[in-house]
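Peer 1: Here is my input; please provide its structure:
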Amino acid sequence: MNLEIKDAGTARKIATVTFESNEVSEKEKQACLELSRVANIPGFRKGKAPLPMIRKRYTKELLEELNRKISTEAYEAVLSEKNLRVYSILKVDAGNLDPNSSASVEITIDVEPEFDLPDYENFELEINPTEVNESDVAKEIQSLCDQRATFEIVERKVEAGDYVKCSYEGKIGDQAVADLVPEKPIYGKQSNTWEEAGQVKGMGVEAIAEGIIGLAKEDSTTLKASFEEDFEVAPLAGKTVEYSIEIHEVREKKSPEPDSKEFLESLKIENLEELNEKVKKDLSNRKERENINAKRQQVTQKILEMPEFPLPQQAVEDESNTIFQNNAQRAIQGGAKQEEIEEKRDELWKQSQSQAQSRVKLTITLGRIAEKEKIEVKNEDLAQAATHEAMMMRKDPNEFIKELTQDRARLNRFRQDILHDKTLEFVANKGKEKVCEIEGDPTN
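Peer 2: Residues are numbered from 1 along each chain as shown. Now for the predicted structure:
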């Protein structure tokens with residue numbers, strides 16, 4: 001057997017494994033003997049029929065088994081080649097085999113390129129301070145109070161913070177906005193919707209949230225809303241819309257006092273001091289988790305900023321297809337039409353390819369770090385991750401694990417995801433932490 005490897009493009013090679021005629025004949029004889037042990041031929045016990053008779057009766061089956069044996073040996077020879085990092089095997093072609101002739105098996109493979117790993121042990125990773133001040137605690141407690149607020153009907157003019165039931169309709173000249181953007185009714189026409197007065201950072205039309213302040217039940221008015229030139233809803237970009245509004249009901253938000261008995265009991269807390277301590281601890285834990293996530297994001301970004309290296313073509317293609325399909329599905333669920341996706345197919349495909357290249361680069365680099373650091377996926381890692389995934393999908397963990405074990409490709413992908421997650425955590429913990437002086441997003 002002889003192995004020859006040639007380049008066939010970016011990170012792709014073709015390996016040709018050649019077998020001498022005597023090697024092919026020996027494989028055919030093995031296949032023939034194996035088949036004779038199970039073949040039912042009248043007048044002969046299993047394993048006793050003459051080989052010429054076996055060859056005559058089972059010509060097709062013998063050629064298929066010979067192909068499998070030759071292809072498998074060639075496949076294993078490629079995988080065992082020390083100077084070749086096989087990322088994936090794309091095709092194994094043994095051609096038309098003749099038991100009495102030599103054979104050449106052509107194997108198309110994508111390979112992992114050689115590249116220098118980054119100095120990940122010295123990555124500088126920014127984190128935020130984890131100290132919790134009294135202001136943080138007060139804001140969190142107020143948020144808990146607001147979550148348990150009641151909304152009482154009031155007969156007065158709308159004040160900032162009130163919740164107002166209203167109806168509105170927008171027009172640009174004589175053109176109804178609802179006809180321009182039927183997929184975005186929040187900008188066109190709403191009946192009996194609720195607005196938080198003065199809340200300009202939420203969803204919807206800011207001018208309406210601000211304009212209803214000072215109105216009262218059964219009042220009606222008109223106001224204008226101007227949209228920016230780069231507004232995300234194209235038909236409204238750079239346009240001014242006139243909205244007619246009618247107020248139906250006004251409710252005042254009343255949050256409980258932090259030290260009230262009912263509020264503390266709802267949290268199963270004895271007193272305000274205990275609540276302060278619990279909130280402080282929860283906030284500290286939250287900040288720790290945010291720092292962990294921030295470090296992982298920074299490690300990911302630093303790896304993606306490494307010098308480029310050739311990527312396995314099929315891996316990028318497969319990942320691009322997956323990303324494209326997922327993005328298209330999300331767009332449809334968000335209200336986009338199939339024809340809109342088709343119109344932007346080229347643009348969406350380019351975006352998918354860019355994302356796929358980043359993912360494959362990250363996958364290969366983390367895999368190489370895992371190999372260097374001897375990071376492995378243990379059975380308990382697999383069980384823990386599978387249980388967590390099952391709970392997220394609201395499935396029975398045992399059933400989910402059973403599904404995984406029955407789909408080898410899915411199981412390998414799942415195992416790879418766990419390995420890369422462990423490696424990402426390993427690198428994040430290895431990095432040198434730098435605490436930001438001003439708390440904010442350390443990834444910016």
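Peer 1: Do you have the helices of the stretch 101-250 of the chain handy? List them.
Peer 2: For the stretch 101-250 of the chain, the helices defined by DSSP state H, counting those that start in this stretch occupy 134-147, 177-180, 206-211.
Peer 1: Give me the residues contacting the last one.
Peer 2: Same thing as helix 206-211. Under the contact criterion C-beta atoms under 8 Å, 6 or more residues apart in numbering, helix 206-211 has outside partners 166, 168, 195-200, 202, 221, 223-226, 243, 245. Every C-beta, even on glycine, is put in place using the N, C-alpha and C of the backbone.
Peer 1: just the longest one next, same as before
Peer 2: Here helix 134-147 makes contact (C-beta under 8 Å, 6+ apart) with 253, 255-258, 263, 267, 275-276, 279-280, 282-283.
Peer 1: how about TSV for the residues you listed, with secondary structure, pLDDT and distance to Lys395 added?
Peer 2: Converted to TSV, those look like this (DSSP: H, G, I helix; E, B strand; the rest coil; pLDDT from 0 to 100; distance: C-beta to C-beta, whole Å):
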residue	secondary structure	pLDDT	distance to Lys395
Lys253	strand	94	39
Ser255	coil	94	38
Pro256	coil	95	38
Glu257	coil	95	43
Pro258	coil	94	40
Phe263	helix	94	37
Leu267	coil	93	32
Leu275	helix	95	37
Asn276	helix	95	39
Val279	helix	96	34
Lys280	helix	96	37
Asp282	helix	95	29
Leu283	helix	96	33
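Peer 1: Farthest-apart pair in these, please.
Peer 2: Greatest spacing in these, by C-beta to C-beta: Lys253 and Lys280 (26.0 Å).
Peer 1: can I get the helices of the stretch 101-250 of the chain in JSON lines with mean pLDDT and distance to Gln333?
Peer 2: Below are the helices of the stretch 101-250 of the chain laid out as JSON lines (pLDDT from 0 to 100; distance: least, C-beta to C-beta, whole Å):
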{"stretch": "helix 134-147", "mean pLDDT": "94", "distance to Gln333": "28"}
{"stretch": "helix 177-180", "mean pLDDT": "95", "distance to Gln333": "22"}
{"stretch": "helix 206-211", "mean pLDDT": "94", "distance to Gln333": "26"}
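Peer 1: Of the ones you listed, give the one that comes closest to Ala94.
Peer 2: Nearest of those to Ala94, taken as C-beta to C-beta: helix 177-180 at 61.8 Å.
Peer 1: among the helices of the stretch 101-250 of the chain, which is nearest Val377?
Peer 2: Nearest of the helices of the stretch 101-250 of the chain to Val377, taken as C-beta to C-beta: helix 134-147 at 37.5 Å.
Peer 1: Pull out the buried positions in that closest one.
Peer 2: Within helix 134-147, the residues that count as buried by 16 or more other C-beta atoms under 10 Å are 136-137, 140-141, 144-145.
Peer 1: can you pull the alpha-carbon coordinates of the helix or strand hosting Cys32 into PDB?
Peer 2: Assignment of secondary structure by DSSP states H and E places Cys32 within helix 21-36. Output of helix 21-36 as PDB, limited to C-alpha atoms (Å, rounded to 0.1, in the frame of the first residue of the first chain):
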ATOM      1  CA  SER A  21      -2.800  -6.600  -6.900                       C
ATOM      2  CA  ASN A  22      -1.900  -9.200  -4.300                       C
ATOM      3  CA  GLU A  23      -3.200  -6.900  -1.600                       C
ATOM      4  CA  VAL A  24      -6.500  -6.600  -3.400                       C
ATOM      5  CA  SER A  25      -6.700 -10.300  -4.000                       C
ATOM      6  CA  GLU A  26      -6.100 -11.000  -0.300                       C
ATOM      7  CA  LYS A  27      -8.900  -8.600   0.700                       C
ATOM      8  CA  GLU A  28     -11.200 -10.400  -1.800                       C
ATOM      9  CA  LYS A  29     -10.300 -13.800  -0.400                       C
ATOM     10  CA  GLN A  30     -11.100 -12.500   3.200                       C
ATOM     11  CA  ALA A  31     -14.400 -11.300   2.000                       C
ATOM     12  CA  CYS A  32     -15.200 -14.600   0.300                       C
ATOM     13  CA  LEU A  33     -14.300 -16.600   3.400                       C
ATOM     14  CA  GLU A  34     -16.400 -14.400   5.600                       C
ATOM     15  CA  LEU A  35     -19.400 -14.700   3.200                       C
ATOM     16  CA  SER A  36     -19.000 -18.500   3.000                       C
END
